[in-house]
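Visitor: sequence plus predicted model, see below.
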Amino acid sequence: MTIEKTTEKKDYYISTPIYYVNAQPHIGHAYTTIVADVLSRYRKLMGYETFFLTGTDEHGDKVKRAAEEKGISPKEYADEISGLFRALWPELKISNDYFIRTTDEDHIKVVQLILQKVYDAGDIYFESYGGLYCTGCERFYVERELVDGKCPDHEVKPEYIEESNYFFKMSKYQDWLIKHINDNPEFIRPKRYKNEILAFLREPLEDLCISRPKSRIDWGIELPFDEKYVTYVWFDALINYLTGVGFPDGDNFKKFWPVAEHLVAKDIIKPHGIYWPTMLKAAGIEPYQHLNVHGYWNVNESKMSKSLGNIVAPLSLKDKYGLDAFRYYLMREMVFGLDATFSEEGMVARINADLANDLGNLVSRSLSMATKYLGGTIPSPGGKGDPSDDRLISTAMRVLPQYTKLMDSLAFSKALAEIWDLVGECNRYIVENAPWELAKDEAKKGRLARVMYNILETLRFIGTLIIPFMPDVAEEILTMIGVRADFSHKRLDELMSWGGLPIGAQVMPASQLFPRVDPVDVDKSEALVKDSEKVVEEAQSVSVVKVEEETQTVSAKEAVAVVDKKRWWRWGKKQKTELPLGGLITYDEFKRLDMRLGVVTNAVAVPKSNKLLKLTVNIGEERTVVAGIGKHYSPDELVGKRVVLLANLEPAKLMGIESQGMVLAVVDDEGGLALVTIEKELLPGSRLS
RNA sequence: GGCGGUGUAGCUCAGAUGGUUAGAGCAUGCGGCUCAUAUCCGCAGUGUCCGGGGUUCAAUUCCCUGCACCGCCA
């Protein structure tokens, strides 16, 4: 069985959200964009013409204020952050066809064009209203949200102000939208998110406020029908999907808009599932075809490589282990639509098991045998076929339709599992036929040739199927087995018939595609895992914690209150837990680390642990600290040492003992460890700066 | 506070329109092979399918409720 020949020409348009320029790129952005890339490459492989759009969103007060702080213009600030995204995508081998910025001239024109159109159609109206406004939050409050009549975040009384704004008559399209979703069951997928949207639509929709007076915010796109206002978020941002593909009269728009699909994370399904289709309807434009919604990566930082608190940011793992391994892990680990856990430990497990042991070793042993037994030349399949051949070939032919079916339904994880069935089958085939035995017997040369041919041909299948996921490795494998054709422009149905391997071509000598990785040193104590998860998260969102007993904690709420709550591409709490990529930090950020000179007054080994020591450290007060340094220091030699204690780290329980801080140390590549000490005898409790 | 989601093997997670022994990978143990990256192949397990109630001949799967965690909204 071969996959269906695609005779008619097909098109495919996939978009990511445009990312807001107030945060650096992180794992969430990377995942969405990689998924879009996989889809785009997959469709190309299937013979589609594709258009793949990503970009940045650059208007809004948040950007303006951030720019002011840095003493530059909003545009300059946006240029800078937008540049970070642009620079990242090539590193992730993202094959986007266009990168849109909401500050682009053509985008501004398109937004105004559509606003005018909807306004002329009578779906935008002007209304005054009054309310209690907190300048700190930049939002209105209703009475019952206030605490003692004050803003719960800023603890100041909001003032009553009157304001007039423009509203989009979204409610008018509610019934149409419900019907559209019911008539097109795949409009929002997976189903759980469609249900969520429908549940929301059971309540009456309110109209959408789409403007801000320039007196309050001026970094935005001016309303075409009122120069005193700029448009607020929705029309500004969502319309990028039109501008990016050449609306109103570009060729790409005509070609690709009818097949448009969006890809978003679950936190922004409302703007995309409700606001956007109604906006399009009002503008007289056909809605998109599919809204594809994925879940969240929960970053399990306690299982990220860390030694004494040095957590590796998820994105940096692509450099550590290689881009294709990174892409593989993301696509294999997450079931599309559901949340998944990201951890370095998990990634290393996948790399070792799936990539190094299964696939990498298969390629290596195959090429090695081809070189040893056949002089590296792909043989013409001689000898007789037997049942094991049939089984291998039928597995390969079964995998194909499964693969396309699963890829079409966004089941990437299963599609990869399907490919790995073939990897496993090939490994079994090798054991069963033992080419090393056949090679010993001159009479079995023909059979050897057939067996080797089947193995290498299976590698060609595998190499081709992984093109969307691991473009570099796919190319490497195919090149190694002598497939030098420019496969990037071939269609799957042309590539995938058994026997396509060029006889007589030379294979390359075996090499390591994926080196094995030493498993990360992670303490598997459950207490540690559970507690430190929370600690890390909270430590990130708490801005000030004093050392003294009368600890004054600023709530996480306040710390993030400045974040514009309506910016829908904000990645929820991920933004808080995520570490920066390693860019510059401000002095204010540094100041948040309360590091003190401490003197170790007592040290004992923690029972049942081979590397944890329980230390008592004097920093003006006694702190109990659990440190994983038992392999490098004996308790005795520690007493009296002047160490550096990170004093405002949220306490964590390790092996049942509460650790109230972290002793700083250095670890080198060879596993050596040394505590940071202070060379002079200064007063304990003094602060490092 | 309202709406929605999730809770399944040591770990990460699939799955069942209700029905014979509930699955995969990893980790663990034992056996085999030696072409290969100490890799590969075979075998072996283990589960109060979150707690409680209900519907049913039958529920882990449906309904109600409680708990925990997550998202959206206010």
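Guide: All right, it came through fine. Numbering: from 1, shown residues only, chains lettered A, B, ... in the order given.
Visitor: now for residue A:677, how many residues are close by?
Guide: By other CB atoms under 10 Å, 12 other residues sit near residue A:677. In this view, the C-beta of every residue, glycine as well, is placed from N, C-alpha and C.
Visitor: contacting residues for it?
Guide: Residues touching residue A:677, when contacts are defined by CB atoms under 8 Å, 6 or more residues apart in numbering, comprise A:641, A:642, A:643, A:644.
Visitor: any idea how far residue A:292 is from residue A:197?
Guide: Relative to residue A:292, residue A:197 is positioned 13 Å away (criterion: CB to CB, to the nearest Å).
Visitor: in CSV: the contacts of residue A:677, plus secondary structure.
Guide: Converted to CSV, the contacts of residue A:677 look like this (DSSP: H, G, I helix; E, B strand; the rest coil):
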residue, secondary structure
A:641, coil
A:642, strand
A:643, strand
A:644, strand
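Visitor: most neighbours among those, please name it.
Guide: Across the contacts of residue A:677, neighbour numbers were computed from other CB under 10 Å; residue A:643 holds the maximum, 22 neighbours.
Visitor: specify the beta-bridge partners of it.
Guide: Here residue A:643 shows beta-bridge partners residue A:598, residue A:677, assigned using DSSP bridges.
Visitor: for it, list the residues it contacts.
Guide: Counting by CB under 8 Å, 6+ apart, residue A:643 has contacts A:597, A:598, A:599, A:600, A:617, A:663, A:664, A:675, A:676, A:677, A:678.
Visitor: by mean pLDDT, point me to the weakest helix or strand of chain A.
Guide: Each helix and strand of chain A was given a mean pLDDT (mean pLDDT, DSSP states H and E); the minimum falls on helix A:556-560 at a mean of 24.
Visitor: which residues touch residue A:285?
Guide: When contacts are counted by CB under 8 Å, 6+ apart, residue A:285 is found next to A:242, A:257.
Visitor: okay, it: pLDDT?
Guide: Each residue has a pLDDT score; the one for residue A:285 is 96.
Visitor: now do residue A:521
Guide: pLDDT, the model's per-residue confidence, is 46 for residue A:521.
Visitor: please apply the same query to residue A:143.
Guide: We have a pLDDT of 68 for residue A:143.
Visitor: repeat that for residue A:234.
Guide: Listed pLDDT for residue A:234 reads 88.
Visitor: that one - how many residues pack around it?
Guide: Around residue A:234 there are 19 other residues, counting by other CB under 10 Å.
Visitor: okay, residue A:641 and residue A:660: tell me how far apart.
Guide: Taking CB to CB as the measure, residue A:641 falls 18 Å from residue A:660.
Visitor: picking that back up, quick one: which of residue A:197 and residue A:292 has more around it?
Guide: Between residue A:197 and residue A:292, counting by other CB under 10 Å, residue A:292 is the more crowded of the two (24 against 21).
Visitor: now for the helix or strand where the more buried one lies, which elements pack on it?
Guide: Taking DSSP states H and E as the criterion, the element that holds residue A:292 is strand A:290-294. Of the remaining helices and strands, those touching strand A:290-294 by 3 or more CB pairs under 8 Å, 6 or more residues apart in numbering; DSSP states H and E are helix A:27-45, strand A:188-189, strand A:260-265.
Visitor: next helix or strand past that strand?
Guide: Next in sequence after strand A:290-294, counting helices and strands by DSSP H and E, comes strand A:297-299.
Visitor: what's the mean pLDDT across that following strand?
Guide: Confidence for strand A:297-299, expressed as mean pLDDT, is 79.
Visitor: ditto for stretch A:635-655
Guide: Along stretch A:635-655, the predicted confidence averages to a pLDDT of 73.
Visitor: what comes up buried for stretch A:324-334?
Guide: In terms of neighbour count (16 or more other CB atoms under 10 Å), stretch A:324-334 has its buried residues at A:324, A:325, A:326, A:327, A:328, A:329, A:330, A:331, A:332, A:333, A:334.
Visitor: out of those residues, who's nearest RNA strand B?
Guide: RNA strand B has its nearest neighbour among the buried residues of stretch A:324-334 in residue A:333, at 5.9 Å by CB to the nearest atom of the strand.
Visitor: which residue is the nearest non-sequential neighbour of the closest one?
Guide: Using CB to CB, 6 or more residues apart in numbering and skipping the chain neighbours, the partner closest in space to residue A:333 is residue A:340 (5.4 Å).
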